[in-house]
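Colleague: generate a structure from the sequence data that follows.
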Amino acid sequence: MYRDHTLVPREAVRLLALGILATRETTYAELASEVRHFTTHVVGPSLDLVAPPIELLKVEGLVAPVAEIDGDDAHETLCITEAGQAELAHLLKSNVRPGVSEINKLIITLKMRFLHLLEPQDRDLQVEMIAEMFQRQLVRLSGLRAHHASTAGYLNDWLDHEIVQTQESVAWFEGLRAKMG
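Modeller: Residues are numbered from 1 along each chain as shown. Below you'll find the predicted structure:
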């Protein structure tokens, strides 16, 4: 984790693997396949997101085999442990870095995928934090747009597009907060 309590890319993959196992038991091979599928579809192929071995989650006691299968780790069914549940909650409660990057997009997507696993007050805090991150992004984009108001070219068109998307994200997360309660 970075000093600002935000996730490094490998921790995003860890969150994904633990979150999947928190929702259902699955085999090692299916878990690896789902992690690869999810990350590739959110951010595309990325060397930063090479999944740490699921075996490491076993060594750390975060996941455990449901039943031992001699010599066939790929088809071994895994489940999350109590320590894994605690690690998942810790990862889900992490901060989100300022700005909208591909890794932030993955982390926000993962938070939305597993937000229901948190206690209501923690869910609300996470949604509020993400909404505030988009609000800060909106302030930065609007300031850049104002500074370059008379600049020739297509910068202002692109900034207008980004501002609209960011405003929609702020509204969506504020709507989610209202819906949650």
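Colleague: show me the domain layout of the chain.
Modeller: If you go by automatic domain parsing, the domain ranges for the chain are 1-97, 119-181.
Colleague: neighbouring contacts of the helix or strand of the chain with the lowest mean pLDDT?
Modeller: Each helix and strand of the chain was given a mean pLDDT (mean pLDDT, DSSP states H and E); the minimum falls on helix 54-59 at a mean of 86. Applying Cβ atoms under 8 Å, 6 or more residues apart in numbering, the set of residues contacting helix 54-59 from outside is 14, 17-18, 28, 31-32, 63-65, 73, 78, 84. For the C-beta atoms, the positions are set from N, CA and C on the backbone; glycine is no exception.
Colleague: same thing but 10 Å
Modeller: 13-14, 17-18, 21, 28-29, 31-32, 35, 53, 62-65, 73, 76, 78, 80-81, 83-84, 87 (Cβ atoms under 10 Å, 6 or more residues apart in numbering).
Colleague: pLDDT weak spots in this protein?
Modeller: Across the chain, the ranges flagged by pLDDT under 70 are 47-52, 68-74, 99-100.
Colleague: which of the helices or strands spans the residue nearest in space to the middle of the chain?
Modeller: By Cα atoms, centre = their mean, the chain has its centre lying nearest to residue 107, at 1.9 Å. Using DSSP states H and E, residue 107 sits in helix 102-114.
Colleague: buried set for that helix?
Modeller: 103-104, 106-111, 113-114 (16 or more other Cβ atoms under 10 Å).
Colleague: just to revisit the earlier point, just the CA trace of the least confident helix or strand of the chain, in PDB.
Modeller: The C-alpha coordinates for helix 54-59 follow below in PDB (Å, rounded to 0.1, in the frame of the first residue of the first chain):
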ATOM      1  CA  ILE A  54      -2.700 -17.400  -5.700                       C
ATOM      2  CA  GLU A  55      -0.400 -19.800  -3.900                       C
ATOM      3  CA  LEU A  56       0.900 -16.700  -1.900                       C
ATOM      4  CA  LEU A  57      -2.600 -16.100  -0.600                       C
ATOM      5  CA  LYS A  58      -2.600 -19.700   0.600                       C
ATOM      6  CA  VAL A  59       0.900 -19.300   2.300                       C
END
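Colleague: follow-up on the earlier one: and the helix holding residue 107, what does it pack against?
Modeller: helix 9-23, helix 28-43, helix 82-92, helix 120-147, helix 155-180 (3 or more Cβ pairs under 10 Å, 6 or more residues apart in numbering; DSSP states H and E).
Colleague: next, count neighbours for the closest residue in space to residue 103 that isn't next to it in sequence.
Modeller: Using Cβ to Cβ, 6 or more residues apart in numbering and skipping the chain neighbours, the partner closest in space to residue 103 is residue 9 (5.5 Å). Residues lying near residue 9 (other Cβ atoms under 10 Å) number 18.
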